[in-house]
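Asker: Generate a structure from the sequence data that follows.
(one chain, ligands or ions: 1)
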Amino acid sequence: MNYDSLRACRLFLLDMDGTLYLGDEVFNGAIDFIHTLSGTGRNYIYLTNNSSRAGEDYITRLKKLGFPCERENVFTSGMATGMYLKTRHPGEKVYAVGTPAFERELVSYGVELTQSDDATVVCAGFDTTLTYEKLDKAVHFLRRGAAFIAANPDWVCPMPAGEVLPDCGSICALLTAASGAKPFYIGKPNRSMVDIISEMTGVPNSQICCVGDRLYTDIAVAVNAGAVSVLVMSGETTRDILDVSETKPDYVLAGVAELAGILRK
Ligand SMILES: [Mg+2]
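Answerer: I've put the predicted structure just below:
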């Protein structure tokens, strides 16, 4: 195997769940892998589609698990959604279907939230505080023609012991069934996540490597953005899923410990 294009990468965008840890269980060699990145002069950003937590929450969580992490090392689909709303729907009132952390994240980018009939955008996230009242309101606005923006397309969020939580994609499927409106998804696999980071850091997409365990988000975003991709088999993708997938990663590795070994050479 030729790892030249992988070794040439200067910035690594790292999925977390199923890639670095699962729940509170940190994978063997995962923290070492981060030190290998910085030790070999490479940068990294923890990149997550999880829009139920804010960037700040991830810094706290990653540090608690033992990972080095500063503000510039975290980018979430909620942050990308805030940037998107601010530039593409300036001055519009937004009805959010999301957690308090998601709402705070949007507001921090200057997005104005509303509960009333002046909402011209419905913005959905991975809402672990979802209520029937929120669904009812969102459907009401969507049926009146509000734009439908969603933070991430994931159907489920993986949990330990093979359990899952219904994620933003599943919530949007319900809203679509009830309103007929289809969402525009901001998070992975939409290439805008990688493009924004490339712009912020000055690293071209071809020298950015996306590392993750999920084909339809982590690997697809790299393919869409012209970045290098590494699929790790430590999470939800099995050999059988990979064999029939149309989305093919550049590299398939057992986990980030193996990746660290390649980058150290
Ligand atoms: Mg994952």
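
Asker: From here on, just use CA atoms for contacts and neighbour counts.
Answerer: Will do.

Asker: pLDDT averaged over stretch 143-155 - what is it?
Answerer: Per-residue pLDDT over stretch 143-155 has a mean of 96.

Asker: cool, stretch 204-221 as well?
Answerer: 96.

Asker: Need the distance between the two termini of that stretch.
Answerer: Across stretch 204-221, the terminal residues are separated by 15 Å (Cα to Cα, to the nearest Å).

Asker: So which residues make contact with that stretch?
Answerer: Here stretch 204-221 makes contact (Cα atoms under 8 Å, 6 or more residues apart in numbering) with 5-6, 8-16, 18-19, 154, 188-191, 194-195, 198, 222, 225-237, 242, 245, 247-249.

Asker: closest point of the stretch 151-265 of the chain to the ion, which residue?
Answerer: Residue nearest to the ion within the stretch 151-265 of the chain (Cα to the ion): residue 213, separated by 5.0 Å.

Asker: and that residue, how many neighbours?
Answerer: Number of residues near residue 213 (other Cα atoms under 10 Å) recorded here: 28.

Asker: can you check residue 205 too?
Answerer: Neighbour tally, residue 205, other Cα under 10 Å: 21.

Asker: Could you tell me how far it is located from residue 196?
Answerer: 10 Å.

Asker: doesn't residue 17 make contact with residue 26?
Answerer: No. Applying Cα atoms under 8 Å, one finds residue 26 not in contact with residue 17, separated by 9.6 Å.

Asker: who's more crowded, those two?
Answerer: The residue with more neighbours, out of residue 26 and residue 17 and counting by other Cα under 10 Å, is residue 17; that gives 24 against 18.

Asker: if I pick the more buried one, what's in contact with it?
Answerer: Residues in contact with residue 17, defined by Cα under 8 Å, 6+ apart, are 23, 158, 235.

Asker: quick one, what contacts the closest residue to the last one other than its chain neighbours?
Answerer: Closest residue to residue 235 in three dimensions, ignoring its sequence neighbours and counting by Cα to Cα, 6 or more residues apart in numbering: residue 18, at 4.0 Å. Residues in contact with residue 18, defined by Cα under 8 Å, 6+ apart, are 158, 212, 213, 234, 235, 236.

Asker: got the residues you listed as JSON lines, with distance to residue 113 columns?
Answerer: Shown next, in JSON lines, are those (distance: Cα to Cα, whole Å):
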{"residue": "158", "distance to residue 113": "29"}
{"residue": "212", "distance to residue 113": "33"}
{"residue": "213", "distance to residue 113": "34"}
{"residue": "234", "distance to residue 113": "39"}
{"residue": "235", "distance to residue 113": "36"}
{"residue": "236", "distance to residue 113": "35"}
